[in-house]
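Asker: Generate a structure from the sequence data that follows.
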Amino acid sequence: MGFLAFTAGLGGTATLQLSTPAAASACGALAMPVAATAPAQITAESAILSLVDGVERIDMRLAIDSETKETGLIVPVPATPKVTAGSLTDFTAIIKETSPIGVHKDIWWSRKPEPAPTTEPTGPAGPTGTGTPSAQAGRVQIGPLDVTVMEASNPKLLTDWLTKHKYALSDSVTPLLDHYAALGWSFVGIKLTSEIPMKGQLTPIRLEFPSKTLVYPMALAAGATTPQNLSVAIFSDHRQDVTFMSGQPVPQAVVTWARDVHASSLKSRGTYLTVVSLTFDDPATTVTDDLKFVPAATDDPVVTTVETYSYMVLFGIPIGWLLVGAVVTIGSTVAALAFIPTR
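Answerer: Below is the predicted model of the structure:
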């Protein structure tokens, strides 16, 4: 049994009983009800980032696995954000934009292999919600999500929000909040509710706030006790690299896609799309700060290709070998005829 105590840097001190440790996601901290008997986990996290005319937009989509019907999520933001419902259409458009490019090859020297047995992958299903309400330093309902924006000028609002909903944070996450208090960041408190235990994708959320640099809140993930995985799609004028705010490199960050944007529906965000996959096997030691995205040295493309094959066979025999056999036969015949005396 643990306790949560905020330091004076958060503008006050509060103590909440913690029955079960709460997990941290890459974007913030899960806050479990004090009466919960099982923890919840963020099983997948993806985000779309863009910076246009000094305003950063983060579209965030999470998948959760929880045995409870209610839990909370805290997301730190550099400035007081405008919060609205995100769009599934944007995530779908990016999936289509980054679809593997087909490459066709003719195979002349082998037969088509026997297909191996496969199993169809299954994905989680969950509440998705729709709507376009917004909140700025206030409260808003987005589908099944009850969202409260808490300004940095009054950090005690966070302790009040936790107390009101009877939420508790894990001991590993609590000290990390001082990091954001010192920076003067705001907090977004999200109350997740469902008619049944929450499993699957949640409603996308859009955060918009003034910024000079593309950033993504990450420091709270250092309090996670399980590996953290994050996929970020960054729209800009050039290919982007990811570092920590301190400038240190991010371990296990892999660019999976980088290319000029082709879909006209996405070009309003930026003309170049970079997709980065980040894995933190041991968040306590590998997550040292929030993320920052900066222009890469080059705009070299990175794409995924899928190869398709046509097997050139005749009567079950690869045509390449048939041609070799024909050439050998003809050559042998010509050579034999060369030794036959002429009359």
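Asker: Find the nearest non-adjacent residue to Thr243, please.
Answerer: Lys292 (5.5 Å; C-beta to C-beta, 6 or more residues apart in numbering). C-betas here are computed from N, CA, C, even on glycine.
Asker: Tell me the pLDDT of the one you found.
Answerer: pLDDT for Lys292: 96.
Asker: State whether it is indeed within a strand.
Answerer: Yes: counting by DSSP: H, G, I helix; E, B strand; the rest coil, Lys292 is found in a strand.
Asker: That one contacts Met245, correct?
Answerer: Yes: Lys292 is in contact with Met245 according to C-beta atoms under 8 Å; the separation is 5.0 Å.
Asker: Give me the common contacts of the two.
Answerer: Each of Val215 lies in contact with both Lys292 and Met245 under the rule C-beta atoms under 8 Å, 6 or more residues apart in numbering.
Asker: which of these two has more neighbours?
Answerer: Remark: of Lys292 and Met245, Lys292 carries more neighbours, 19 against 16, as counted by other C-beta atoms under 10 Å.
Asker: how much space is there between the more buried one and Leu49?
Answerer: Lys292 sits 11 Å away from Leu49, going by C-beta to C-beta, to the nearest Å.
Asker: Please apply the same query to Pro318.
Answerer: Distance of Pro318 to Leu49, computed by C-beta to C-beta: 49 Å.
Asker: Pick out whichever of those two has more residues nearby.
Answerer: Taking neighbours as other C-beta under 10 Å, Pro318 and Leu49 compare with Leu49 leading, 24 against 18.
Asker: quick one, strands of the stretch 151-300 of the chain?
Answerer: 167-168, 186-193, 199-201, 205-210, 214-216, 228-236, 240-244, 253-260, 272-280, 291-295 (DSSP state E, counting those that start in this stretch).
Asker: Tell me which stretches of the stretch 1-150 of the chain form helices.
Answerer: Under the criterion DSSP state H, counting those that start in this stretch, helices of the stretch 1-150 of the chain are mapped to 88-97.
Asker: Any regions of this protein where pLDDT drops low?
Answerer: Scanning the chain for pLDDT under 70 picks out the ranges 1-28, 36-39, 102-112, 114-137, 155, 305-313, 315, 319-322, 342-343.
Asker: give me the number of residues near Ser194?
Answerer: Residues near Ser194, counting by other C-beta under 10 Å: 18.
Asker: Please apply the same query to the one 3 residues further on.
Answerer: Number of residues near Pro197 (other C-beta under 10 Å) recorded here: 14.
Asker: List phi and psi for it.
Answerer: As for Pro197, its main-chain torsions (degrees, to the nearest 10) stand at phi -50, psi 140.
Asker: Setting the sequence-adjacent residues aside, check what's closest to it.
Answerer: Spatially, and ignoring its direct neighbours in sequence, Pro197 is nearest to Glu67 (5.2 Å; C-beta to C-beta, 6+ apart).
Asker: So what touches stretch 258-277?
Answerer: Outside stretch 258-277, the residues that touch it by C-beta under 8 Å, 6+ apart are 48, 50, 52, 57, 90, 93-94, 96-98, 229-240, 242, 253-257, 293, 296, 299-303.
Asker: From those residues, list the buried ones, please.
Answerer: Buried subset of those (neighbour count, 16 or more other C-beta atoms under 10 Å): 48, 50, 57, 90, 93-94, 97-98, 229-236, 238-240, 242, 253, 255, 257, 293, 296.
Asker: picking up where we left off before, any idea how far Thr333 is from the residue nearest to Pro197?
Answerer: 79 Å.
Asker: okay, those two: which has more neighbours?
Answerer: Neighbours were counted for Glu67 and for Thr333 using other C-beta under 10 Å; Glu67 has more, 13 against 10.
Asker: any idea how far Ala40 is from the more buried one?
Answerer: Separation of Glu67 from Ala40 (C-beta to C-beta) stands at 7 Å.
Asker: for Ala181, same thing?
Answerer: Distance of Ala181 to Ala40, given as C-beta to C-beta: 25 Å.
Asker: who has more neighbours, these two?
Answerer: Shown here are Ala181 and Ala40; by other C-beta under 10 Å, Ala40 has more neighbours (27 against 19).
Asker: thought that one was touching Ile64?
Answerer: Yes: look at Ala40 against Ile64 with C-beta under 8 Å: they come within range, at 6.0 Å.
Asker: Common neighbours of these two, please.
Answerer: Taking C-beta under 8 Å, 6+ apart as the contact rule, Ala40 and Ile64 both touch Thr71, Met198.
Asker: ok, now how distant is Asp290 from Thr89?
Answerer: 28 Å.
Asker: out of those two, which sits in the more crowded spot?
Answerer: Asp290 (21 against 10).
Asker: Quick check on the more buried one: phi, psi?
Answerer: When read as degrees, to the nearest 10, the backbone of Asp290 gives phi -80, psi 170.
Asker: wouldn't it be in contact with Tyr216 here?
Answerer: Yes: here Asp290 reaches Tyr216: they are 6.6 Å apart, a contact under C-beta under 8 Å.
Asker: could you point out the longest helix in the chain?
Answerer: Longest helix of the chain, by residue count under DSSP state H: helix 319-338.
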